[in-house]
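J.: give me the fold of what follows.
(chains A, B, C and D)
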There are 2 protein chains.
Amino acid sequence: MKIAKANSTEIARLAGVSRSTVSRVINNYANVPPRTREKVLAVIRQHNYVPNISAQILAGKRTRTIGLFLISQGNVASDALTNMLIVSVIENASEYGYYVLTHIIRDTHDTESIKDVMDIFYQHRIDGGIFIGAASREPFIEDLVKAGFTVGVVDQELAERPEPNRIVSTFNNDAGMKMAVAYLSGLGHTDIGTINGNMNRLSGRTKYDGFLSAMRMCSLQVNADWVLEGDFQENSGYDAVQALVGRGIALPTALIAANDSVAFGAIRALKEHGVRVPEDMSVIGFDDHAMSAKHHPALTTIRVEFADMLKRLTTCLIAAIEDETAVAREIVSDCSLVVRDSCRRI
Amino acid sequence: MKIAKANSTEIARLAGVSRSTVSRVINNYANVPPRTREKVLAVIRQHNYVPNISAQILAGKRTRTIGLFLISQGNVASDALTNMLIVSVIENASEYGYYVLTHIIRDTHDTESIKDVMDIFYQHRIDGGIFIGAASREPFIEDLVKAGFTVGVVDQELAERPEPNRIVSTFNNDAGMKMAVAYLSGLGHTDIGTINGNMNRLSGRTKYDGFLSAMRMCSLQVNADWVLEGDFQENSGYDAVQALVGRGIALPTALIAANDSVAFGAIRALKEHGVRVPEDMSVIGFDDHAMSAKHHPALTTIRVEFADMLKRLTTCLIAAIEDETAVAREIVSDCSLVVRDSCRRI
DNA sequence: ATATAGATTGACAACGTTTTACAGCTTTGT
DNA sequence: ACAAAGCTGTAAAACGTTGTCAATCTATAT
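T.: Here you go, the predicted model:
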């Protein structure tokens, strides 16, 4: 069905002015007297007139749309954290009158997938984009930055040299791990193990590196038997602990999980083997997942302010889009230790 | 920074043809000879040329964008189910080369909020929209349908009269409730209670109505003491059970929760009072939340194929956008009973 | 009354594409 | 050799805005 829509010519005709004047009214320019403005506004209201966005963009206006790119690498589906990130971006963008076009990148190594992303920018569908799950040095992001597009990236480390149209938001995985180790060490633990996330992801690697350097800093030995593989999924925590217990070797007294889901899985497996948390084993998570406070035992964890982080990143991106000068290019969010019931003094 | 972008004039000049020919190549028209086509494509590739989408739309093409509208009514944040819905729409739309603009409607009774939504349509930012959490008879949706926009709505009941540009997707809450009651009744339960969702939401009301008629159908008495208030949130299940147990009255032998989160909360409260699930109390959830299989005890629940539902709705919407004739206007998804460990024969 | 500054308005060329109408050039059948 | 028919390619008119420039009013000061 063809949608009948008034255009500015029609409004101008009905209001007895020129299209220019209608445009001036729409864009709130100062040089139109109240009487004329009111007359035009009345006609606009009466006809439900809304300017055609494509025409506005074509004539040089912003799209007032930002892209939100989620790198899925397999598992994007039903995840409360991802939802929080998306909602956080959308709600914040909305505050500034911006819309969000969300796109999922299945595989950053696939030419087709990347072409899709580049096209969104080159088509001029969006004014800028936020990338979650990609490193800011990823080649295609470099390409976008070089081409002059404005991007924001949630990364694990800041860009080596800041560029005006690249905003990098990090949270300090490394510092978080140090908090976890220091806390456990303070409770008297020396036998500390860890369940890693995917090591082919930067966040997996930085967490593990953080763990290693934190252990060194606290003068604790890293026991290779207690460094378990995981993939940020709940089941991987379960499986890792099953395997560990199954080997019949000595257990650590504390475990640091790459995230809360992994910690849940680990605790589930521990329970099944009669290892009580926190009596027999202290467990620390990472992220402060929505369920962590409700979990039994309530999970001690390293809280990351994801929502706030994305909110700040969105705000910065929009600021950079609207005014290319004088805006923060680096956002560092701190982690904090949330002490609940899953750790115990030894 | 100004983005340097080739336009079709430039491509035409470099390829030694006219702009029209470039356009014909881009749009894959038949009447351009292979030699010319190749020549033009080469130049396009070489210069990373991508047609300006606004210009295309302005000249009468589709936006190839659909709106995804989430009605939040307060609680939209960190919810795995919502994420699944969003991802499902985006991934499916992507299959057809469509983009998704996600928008959150905070309050369907707020004029400003509704105006924002209408504007997105009237600006011609999107070709159609999907609404989650609104009834298809909601006035502003009626307005959109009347204005000729193509919309898809996840509703609890089909529209009274089908319209070519309105697609309604339902899942049978009512039938789901009947399955739950019938299952419990089959296990020998007669004392069945329920924890409702928000009664100001259609899904809350239809579930409760479904419960009532299912009880009638199974010739079971509804005990008003066992009809508990909830709001679809985990805590409301906890609170409802706390209140119930606190009253010191006889307990039902089974509870049907408005969704799995509420069931989790209810079970948590039951556990705290030493009421074992399923030994002392059977509990059935609704939705089949991602956590339900992992929950302890694994939750028996009425599974709703949300992802599949949204996928079908998206496909239908796009079909309706591209071809206004001969497309399904009604999508009914069935629920299914997933038997796990939270119910027991009495 | 006149000059002048300032306020208001309108005409028109962009913006980058699609699409229509048509002109020029080949074929093809006779 | 000629007309009809098919191919290619071109020119120009949309599409609906914005923004610049110049023209026209209006009020104020002289």
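
J.: roughly how far is the helix or strand containing residue A:104 from the heart of the chain?
T.: Secondary structure from DSSP states H and E places residue A:104 in strand A:99-105. Its chain's average C-alpha position is 13 Å from that of strand A:99-105, according to CA atoms, centre = their mean, to the nearest Å.

J.: ok, now stretch A:35-50?
T.: Computed by CA atoms, centre = their mean, the chain-centroid distance of stretch A:35-50 equals 41 Å.

J.: one more: stretch A:228-241?
T.: Taking the mean C-alpha point of stretch A:228-241 and that of its whole chain, the gap between them comes to 22 Å (CA atoms, centre = their mean).

J.: just the C-alpha atoms of it, please, in CSV.
T.: The C-alpha trace of stretch A:228-241 is given here as CSV (Å, rounded to 0.1, in the frame of the first residue of the first chain):
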residue,chain,number,x,y,z
LEU,A,228,41.6,-25.1,33.7
GLU,A,229,40.3,-24.5,30.3
GLY,A,230,36.9,-22.9,29.8
ASP,A,231,35.0,-20.9,27.2
PHE,A,232,33.0,-18.4,29.2
GLN,A,233,30.0,-20.8,29.1
GLU,A,234,28.4,-22.3,32.2
ASN,A,235,29.0,-25.9,31.0
SER,A,236,32.7,-25.3,30.6
GLY,A,237,32.9,-24.5,34.3
TYR,A,238,31.1,-27.7,35.1
ASP,A,239,33.2,-29.7,32.7
ALA,A,240,36.5,-28.2,33.9
VAL,A,241,35.7,-29.1,37.5
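
J.: outside of it, which residues touch it?
T.: Applying CB atoms under 8 Å, 6 or more residues apart in numbering or on different chains, the set of residues contacting stretch A:228-241 from outside is A:75, A:193-199, A:201, A:204, A:243-244, A:255, A:257-259, A:261-270, A:273, B:294. Where C-beta positions appear, they are placed from N, C-alpha and C, glycine not excepted.

J.: mind checking how far residue A:29 is from DNA strand C?
T.: Here the criterion is CB to the nearest atom of the strand, to the nearest Å. By it, residue A:29 lies 8 Å from DNA strand C.

J.: to what extent is residue A:345 buried, counted in neighbours?
T.: The burial metric for residue A:345, expressed as a neighbour count using other CB atoms under 10 Å in any protein chain shown, is 10.

J.: what's near enough to touch it?
T.: Contacts of residue A:345 were listed using CB under 8 Å, 6+ apart, and they are A:187-188.

J.: look at it and give its secondary structure.
T.: Under the three-state scheme (DSSP: H, G, I helix; E, B strand; the rest coil), the conformation of residue A:345 reads as coil.

J.: quick one on the thing from earlier: does the next helix or strand after the strand holding residue A:104 reach chain B?
T.: Later in the chain than strand A:99-105, the nearest helix or strand by DSSP H and E is helix A:111-122. Yes - counting by CB under 8 Å from any CB of the partner chain, chain B has neighbours in helix A:111-122: A:118-120, A:122.

J.: and the strands in chain A?
T.: Counting by DSSP state E, chain A forms strands over residues A:65-71, A:99-105, A:128-132, A:150-155, A:166-171, A:192-195, A:227-228, A:254-257, A:282-287, A:300-304, A:330-333, A:335-338, given from the N-terminal end onward.

J.: hang on, the earlier thing: and the angle from the strand holding residue A:104 to strand B:65-71?
T.: Put simply, strand A:99-105 runs at 110 degrees to strand B:65-71, going by axes from the mean of the first three to the mean of the last three CA atoms, to 10 degrees.

J.: quick one: strand A:99-105 to helix A:111-122, angle?
T.: Computed by the same axes, to 10 degrees, the angle between strand A:99-105 and helix A:111-122 is 160 degrees.

J.: in terms of secondary structure, what does strand A:99-105 contact?
T.: In terms of contact count using 3 or more CB pairs under 8 Å, 6 or more residues apart in numbering or on different chains; DSSP states H and E, strand A:99-105 is assigned the packing partners strand A:65-71, helix A:80-95, helix A:111-122, helix B:80-95, strand B:99-105.

J.: nearest to residue A:289, of the ones you listed?
T.: Comparing those by their distance to residue A:289 (CB to CB), the top pick is helix A:80-95, with 6.8 Å.

J.: what helices or strands is the closest one leaning on?
T.: Under the contact definition 3+ CB pairs under 8 Å, 6+ apart, helix A:80-95 sits against strand A:65-71, strand A:99-105, helix A:306-322, helix B:80-95, strand B:99-105.

J.: and residue B:306, which of those is closest to it?
T.: Counting by CB to CB, residue B:306 lies closest to helix B:80-95 out of these; the figure is 6.0 Å.

J.: quick one: mean pLDDT for that closest one?
T.: Averaged across helix B:80-95, the pLDDT comes to 92.

J.: restrict it to CA atoms and write it as PDB.
T.: Listed next in PDB are the C-alpha coordinates belonging to helix B:80-95 (Å, rounded to 0.1, in the frame of the first residue of the first chain):
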ATOM      1  CA  ALA B  80      18.100 -13.400  28.400                       C
ATOM      2  CA  LEU B  81      14.700 -13.900  26.800                       C
ATOM      3  CA  THR B  82      14.500 -10.400  25.400                       C
ATOM      4  CA  ASN B  83      18.000 -10.900  24.000                       C
ATOM      5  CA  MET B  84      16.900 -14.100  22.300                       C
ATOM      6  CA  LEU B  85      14.000 -12.200  20.700                       C
ATOM      7  CA  ILE B  86      16.200  -9.400  19.500                       C
ATOM      8  CA  VAL B  87      18.900 -11.700  18.100                       C
ATOM      9  CA  SER B  88      16.300 -13.900  16.500                       C
ATOM     10  CA  VAL B  89      14.800 -10.900  14.600                       C
ATOM     11  CA  ILE B  90      18.200  -9.500  13.600                       C
ATOM     12  CA  GLU B  91      19.600 -12.700  12.400                       C
ATOM     13  CA  ASN B  92      16.500 -13.600  10.400                       C
ATOM     14  CA  ALA B  93      16.200 -10.100   8.900                       C
ATOM     15  CA  SER B  94      19.900 -10.300   8.000                       C
ATOM     16  CA  GLU B  95      19.200 -13.400   6.000                       C
END
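
J.: how big is the angle separating that helix from strand B:300-304?
T.: Computed by the same axes, to 10 degrees, the angle between helix B:80-95 and strand B:300-304 is 30 degrees.

J.: buried residues in helix B:80-95?
T.: The neighbour-count check on helix B:80-95 (16 or more other CB atoms under 10 Å in any protein chain shown) flags B:80-94 as buried.

J.: residue A:72 contacts residue A:103, doesn't it?
T.: No - with contacts counted by CB atoms under 8 Å, residue A:72 stays clear of residue A:103, the gap being 10.4 Å.

J.: show me where the stretch 201-346 of chain A dips below the pLDDT cut-off.
T.: Screening the stretch 201-346 of chain A residue by residue with the criterion pLDDT under 70, one finds the ranges A:326.

J.: point me to the residue of it nearest chain B.
T.: Across the stretch 201-346 of chain A, the shortest distance to chain B (CB to the nearest CB) belongs to residue A:290, at 4.4 Å.

J.: neighbours of that residue, just the number please.
T.: When counting by other CB under 10 Å, one arrives at 17 neighbours for residue A:290.

J.: with residue A:220 instead?
T.: Around residue A:220 there are 16 residues (other CB under 10 Å).

J.: how close does it get to DNA strand D?
T.: 62 Å.

J.: name the nearest residue to that residue, ignoring sequence neighbours.
T.: Spatial nearest neighbour of residue A:220, chain neighbours left out: residue A:190 (5.7 Å); criterion: CB to CB, 6 or more residues apart in numbering or on different chains.
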